[in-house]
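J.: Show me the folded form of this:
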Amino acid sequence: MEITGTSALVTGGASGLGLATARRLAAAGAVVTIIDLPSSAGADIAAELGGSFAPADVTDPAQVAAAVEIAAQAGPLRVVVNCAGIAPPAKVLDREGNPAPLADFERVVRVNLVGTYNVISQASAAMARTDADAATGDRGVIVNTASVAAFDGQIGQPAYSASKGGVHAMTLPIARELARYGIRVLTIAPGIMETPMLKGLPQAAQDSLGQQVPYPSRLGRPDEYAQLVMSIVENGYLNGETIRLDGAIRMAPR
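T.: Numbers count the residues shown, from 1 in each chain. The predicted structure follows:
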């Protein structure tokens, strides 16, 4: 699919995987709209890339609809990438053996799963109204972010694993539904990536995590995620699949 002159929407685009993706898309000629929290560096990043910043909570339908409208006004909306998410650790039982607060579980699922669904629903409605590519019939592609935790969840990750497992599980049914509009839907499941959260750890801890990866034995780089997004966008026969990007790691229980 031709990217130059199209509009792209990236959630969580002010840092980490989203930032790397926004930069790749802008370099390929897309006009990028970044969705991130008002407190983020989204405005500065958007100015740097010649795009727009739409401060929004991905779980808020009205705020996301407004962001989608900004993106749709910038050009035909062809690419949507969901990178916004949170990963606070929490066990089912606390140290005293008491149930952890249900609200903590609900918050993670709401941001990671409900937020992703909200962006898909709002953006796909706009994409479906966009003229299809005359040569291919394509209207666009939506790329979501799951995690290897969807398959290899560790102790302390029940909420995160459930939320990312949900993103994986809804990929195929949504791809099947949106096929009639010429919209493809895929998901990337990253392994241990060099995100701002992990980069805040001591170097020894980062090295230890990287050594758990079979090959290459290091943390994944955000630009490698962005590179895979570009490959998905450009390869029109990819659809309805979750792709692991993890150096062949399979996470241990802890």
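
J.: alpha carbons only for contacts and neighbour counts from here, please
T.: Noted.

J.: Against Ile174, how distant is Thr11?
T.: Using C-alpha to C-alpha, to the nearest Å, we find Thr11 at a distance of 19 Å from Ile174.

J.: Can you pick out the residue with more neighbours from the two?
T.: Thr11 (33 against 18; other C-alpha atoms under 10 Å).

J.: if I read this right, the more buried one contacts Ala84, doesn't it?
T.: Yes. Judged on C-alpha atoms under 8 Å, Thr11 makes contact with Ala84 at a distance of 5.2 Å.

J.: Quick check: next helix or strand after the lowest-mean-pLDDT helix or strand in the chain?
T.: One helix or strand of the chain scores below all others by mean pLDDT, DSSP states H and E: helix 196-199, with a mean of 75. Once the chain leaves helix 196-199, the next helix or strand it forms, by DSSP states H and E, is helix 203-210.

J.: Run through who's touching that next one.
T.: Helix 203-210 is contacted from outside by Ile192, Leu198, Lys199, Ser217, Arg218, Leu219, using C-alpha atoms under 8 Å, 6 or more residues apart in numbering.

J.: joint contacts of Thr11 and Ala84?
T.: By C-alpha under 8 Å, 6+ apart, the residues touching both Thr11 and Ala84 are Gly18, Asp36, Val58.

J.: in which helix or strand would I find the first one?
T.: Element membership for Gly18 (DSSP H and E) is helix 16-27.

J.: who does whatever helix or strand comes next after that helix touch, helix- and strand-wise?
T.: Where DSSP H and E defines the elements, the next helix or strand beyond helix 16-27 is strand 31-36. Strand 31-36 sits against strand 7-11, helix 16-27, helix 42-49, strand 52-55, helix 61-73, with contacts defined as 3 or more C-alpha pairs under 8 Å, 6 or more residues apart in numbering; DSSP states H and E.
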